[in-house]
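[1] Generate a structure from the sequence data that follows.
(one chain, ligands or ions: 1)
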Amino acid sequence: MDLLDDSAVQRRLAEVPEWRREGDEIRRKVTAPDFPTAIRIVDEIAVEAEKMNHHPDIDIRWRTLHLALTTHDAGGLTENDFALAARIDGIAAAHGA
Ligand SMILES: C[C@H](O)[C@H](O)[C@H]1CNC2=NC(N)=NC(=O)C2=N1
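    Presented below is the predicted three-dimensional model:
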């Protein structure tokens, strides 16, 4: 998987407006209605991540999830990061987050 150049990153970021670039990562916060829902969201993300063999860093604090995506094998941002970001947005939205 090839690294995306800065213009490609900016273009893809526009498609996932909840996410922000921070160096070699994109990050977003997900606030769930309660803790069990936050964990359900994490569980559904885990299933998608496993399907894609592309895994986010997830920081869980009560009902707030901080998610970070980068492609470790490539040392930066690739299409995989934005594909998983979009799937994460769908999961969060489905749970009212
Ligand atoms: C061996 C395995 O396929 C690789 O380590 C996969 C696993 N999940 C991954 N997840 C992420 N975010 N980046 C990777 O480069 C990556 N590589």
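[2] Now do the strands in this protein.
    Counting by DSSP state E, residue ranges of the strands within the chain are 20-22, 25-31, 57-61, 64-69.
[3] Within range of the ligand, give me the residues from this structure.
    53-55, 70-73 (C-beta under 6 Å from any ligand atom). Backbone N, C-alpha and C define where each C-beta goes, glycine included.
[4] sorry, back to before: in TSV: the strands of the chain, plus mean pLDDT.
    Shown next, in TSV, are these (pLDDT from 0 to 100):
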stretch	mean pLDDT
strand 20-22	98
strand 25-31	98
strand 57-61	98
strand 64-69	98
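[5] and of these, who's closest to Ala97?
    strand 25-31 (4.8 Å; C-beta to C-beta).
[6] Please name every helix or strand in contact with that closest one.
    strand 20-22, strand 64-69, helix 79-94 (3 or more C-beta pairs under 8 Å, 6 or more residues apart in numbering; DSSP states H and E).
[7] Tell me which of those sits nearest to Arg40.
    Nearest to Arg40, of the helices and strands packed on strand 25-31 and by C-beta to C-beta, is helix 79-94 at 9.1 Å.
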